[in-house]
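1. Turn this into a structure:
(2 chains)
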2 protein chains.
Amino acid sequence: MTYCVAMCLEQGLLFGADTRTNAGVDHISTFRKLYTFQQAKSHAIVLLCSGNLATSQSLIELLRRDLSEQKEHILSQQSLFDVARLIGQKLYSIIQEVSHDDKTSAPNFSGNILLGGQIKGESPRLFQVYPQGNFIEATRETPYLQIGEHKYGKPILDRVVRFATPLTLALNSMIVSLDSTIKSNLSVGLPMDILVYEKDSFDLTRQRRFTEYDEDYLKMRQYWNSGVNQLLEQFPTPKV
Amino acid sequence: MTYCVAMCLEQGLLFGADTRTNAGVDHISTFRKLYTFQQAKSHAIVLLCSGNLATSQSLIELLRRDLSEQKEHILSQQSLFDVARLIGQKLYSIIQEVSHDDKTSAPNFSGNILLGGQIKGESPRLFQVYPQGNFIEATRETPYLQIGEHKYGKPILDRVVRFATPLTLALNSMIVSLDSTIKSNLSVGLPMDILVYEKDSFDLTRQRRFTEYDEDYLKMRQYWNSGVNQLLEQFPTPKV
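-> The predicted structure follows:
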């Protein structure tokens, strides 16, 4: 499985993804699920991928090929809505190509994409693209989207994240959301990739990968574990 | 759906359950999922039920009928292992009775049971009984079990609950676990039933139901929400 989360907030965008892939519990690997596409001060685009790895790798390769062949490509669109449409079409056709009639032993070729970024003339936007090719957009009322194993990490986001939440506070909650999922589900694992995009910056360089040996990561994990335990120690326990 | 959780700890047992049932989002009702069976100082038994409501209601009714008819019943067993076996057999046969060959439009009659308690001569024990009639038991290494929508409320338990965790601290984490699930998933809802069983007490009266208007519940919810937000404000945010 996979856990990816992205937020579209007043101050910018946040992206987080684990890197574990598995075909059964005895075939576990590490693959990047966060990809960026950038053009100077006009296009800053981030993709997070869940689902079948062959599908998502093909998608990224074909998007890059179009770019190098200067066909209609991801960085030639005027709106992130058009990028979502382009990715939806590609995603659908990749899945169709391998979905044969013989469905008896067919694995699941499906995949979901979180697409966020900013194109000159627009505010930052965030979409979830479905394997059928259609997509939804995050709004002020629902500023975050998740794909993959989304349940473990949802409560912390529901308690903290609103459209106006400062980027740093939201980033903290996103890291806890990812860490909680990694702790509770074997199919989601470190390293963890995060990317912080400040509105109107067109800068995708604020990225970081946390491994299990990363001292900052260990510090965060320990801070949260002991903080939560202390908070529960002083909980207003009801009379039962 | 449903969310039920139970723990078997050094100091005793804890049980928690929501009360929401739904057949689609347009058919939502409230039903108790926590049941107790007691005999003086020899048997203290608690059941939590998930899955098909017709199945779990039949199970409880048949267990009570056997009791009133003084057949081999839930309070005549020498060990909680035997109670688990009895319940497993009954659960399986109830499901079989309505599982006709015509499976095309058949709803899911399945159900899972958490069974905990203490029988004189044994320590408190906790089992999860499957619809096939077999069961597993909680141990020192894995002191809590969940049925239903278990993912939302798992991270807080994984961060806090060990076999030696004091009953009060574990109770606090259980309430947060239930509240987190209720907050993040519409199919799990208030009122919430909790039961605290102290080892060797054979007392099942420490029960409480929290509704959405319960002042203690609102106080706990607010404490946790603001506590978590404050904890995130002081988070050791990594440099990105």
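
2. check contacts around residue A:119.
-> A:42-45, A:77-80, A:83 (CB atoms under 8 Å, 6 or more residues apart in numbering or on different chains). Glycine gets a C-beta too; all of them are placed from N, C-alpha and C.

3. In helices, which of these fall?
-> Mapping the contacts of residue A:119 onto helices (DSSP state H) picks out A:80, A:83.

4. and which of the contacts of residue A:119 is nearest chain B?
-> Within the contacts of residue A:119, the smallest distance to chain B is 15.4 Å, found for residue A:44 (CB to the nearest CB).

5. In contact with the closest one: list those residues for me.
-> The contact partners of residue A:44, by CB under 8 Å, 6+ apart, come to A:36, A:38, A:117-119, A:197, A:201-204.

6. For it, name its beta-bridge partners.
-> Beta-bridge pairing of residue A:44, defined through DSSP bridges, involves residue A:38, residue A:118.

7. Run a quick neighbour tally on residue A:108.
-> 11 (other CB atoms under 10 Å in any protein chain shown).

8. Next one: the residue nearest to it when sequence neighbours are not counted relative to chain B, how far apart?
-> Closest residue in space to residue A:108, ignoring its immediate chain neighbours: residue A:52 at 6.3 Å, by CB to CB, 6 or more residues apart in numbering or on different chains. Separation of residue A:52 from chain B (CB to the nearest CB, to the nearest Å): 22 Å.

9. Verify the contact between residue A:52 and residue A:106 for me.
-> No. If you go by CB atoms under 8 Å, residue A:52 and residue A:106 don't touch, sitting 11.0 Å apart.

10. From the contacts of residue A:119, keep the buried residues only.
-> A:43-45, A:77, A:80, A:83 (16 or more other CB atoms under 10 Å in any protein chain shown).

11. hmm, back to that, any chance of the contacts of residue A:119 in TSV, with distance to residue B:133 too?
-> Compiled in TSV, these are given as follows (distance: CB to CB, whole Å):
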residue	distance to residue B:133
A:42	64
A:43	59
A:44	57
A:45	53
A:77	58
A:78	62
A:79	58
A:80	53
A:83	53
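
12. just to revisit the earlier point, which of residue A:52 and residue A:106 has more neighbours?
-> residue A:52 (20 against 11).

13. can you pull the contacts of the more buried one?
-> Residue A:52 makes contact with A:95, A:107-111, according to CB under 8 Å, 6+ apart.

14. go with 10 Å
-> When the contact criterion is CB atoms under 10 Å, 6 or more residues apart in numbering or on different chains, the partners of residue A:52 are A:21, A:23, A:58, A:94-95, A:98, A:107-111, A:131.

15. Show me the beta-bridge partners of residue A:196.
-> Counting by DSSP bridges, residue A:196 forms beta bridges with residue A:14.

16. That one reaches residue A:168, doesn't it?
-> Yes. If you go by CB atoms under 10 Å, residue A:196 and residue A:168 touch, sitting 8.9 Å apart.

17. Now do the shared contacts for these two.
-> A:11, A:14, B:240.

18. Neighbour-wise, give me the winner out of those.
-> Most neighbours among the shared contacts of residue A:196 and residue A:168, by other CB under 10 Å: residue A:14, with 30 neighbours.

19. Can you tell me how far that one is from residue B:98?
-> 49 Å (CB to CB, to the nearest Å).

20. next one: residue A:159
-> 41 Å.

21. higher neighbour count, those two?
-> Between residue A:159 and residue B:98, residue A:159 has the larger neighbour count (other CB under 10 Å), namely 20 against 13.

22. Confirm that one sits in a strand?
-> No. Using DSSP: H, G, I helix; E, B strand; the rest coil, the assignment for residue A:159 is helix, not a strand.

23. With chain B as the reference, measure out to it.
-> Separation of residue A:159 from chain B (CB to the nearest CB) stands at 5 Å.

24. Next: residue A:180.
-> Distance from residue A:180 to chain B, by CB to the nearest CB: 4 Å.

25. same deal with residue A:134?
-> Residue A:134 sits at a distance of 21 Å from chain B (criterion: CB to the nearest CB).

26. Residue A:19 now?
-> Distance from residue A:19 to chain B, by CB to the nearest CB: 17 Å.

27. now do residue A:18
-> Distance from residue A:18 to chain B, by CB to the nearest CB: 14 Å.

28. Alpha carbons only: can I get stretch A:69-87 in PDB?
-> In PDB, the C-alpha atoms belonging to stretch A:69-87 read as follows (Å, rounded to 0.1, in the frame of the first residue of the first chain):
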ATOM      1  CA  GLU A  69       9.500  15.700 -27.300                       C
ATOM      2  CA  GLN A  70       7.800  19.100 -26.800                       C
ATOM      3  CA  LYS A  71       4.300  17.600 -27.600                       C
ATOM      4  CA  GLU A  72       1.400  18.900 -25.700                       C
ATOM      5  CA  HIS A  73       2.800  18.500 -22.200                       C
ATOM      6  CA  ILE A  74       2.300  19.100 -18.500                       C
ATOM      7  CA  LEU A  75       4.200  22.400 -18.600                       C
ATOM      8  CA  SER A  76       2.400  23.800 -21.600                       C
ATOM      9  CA  GLN A  77      -1.000  24.100 -19.900                       C
ATOM     10  CA  GLN A  78      -2.600  27.400 -18.900                       C
ATOM     11  CA  SER A  79      -4.400  26.000 -15.800                       C
ATOM     12  CA  LEU A  80      -3.900  23.200 -13.400                       C
ATOM     13  CA  PHE A  81      -7.400  22.100 -14.300                       C
ATOM     14  CA  ASP A  82      -6.000  21.300 -17.800                       C
ATOM     15  CA  VAL A  83      -3.100  19.400 -16.300                       C
ATOM     16  CA  ALA A  84      -5.600  17.300 -14.200                       C
ATOM     17  CA  ARG A  85      -7.500  16.500 -17.500                       C
ATOM     18  CA  LEU A  86      -4.200  15.600 -19.300                       C
ATOM     19  CA  ILE A  87      -3.100  13.300 -16.400                       C
END
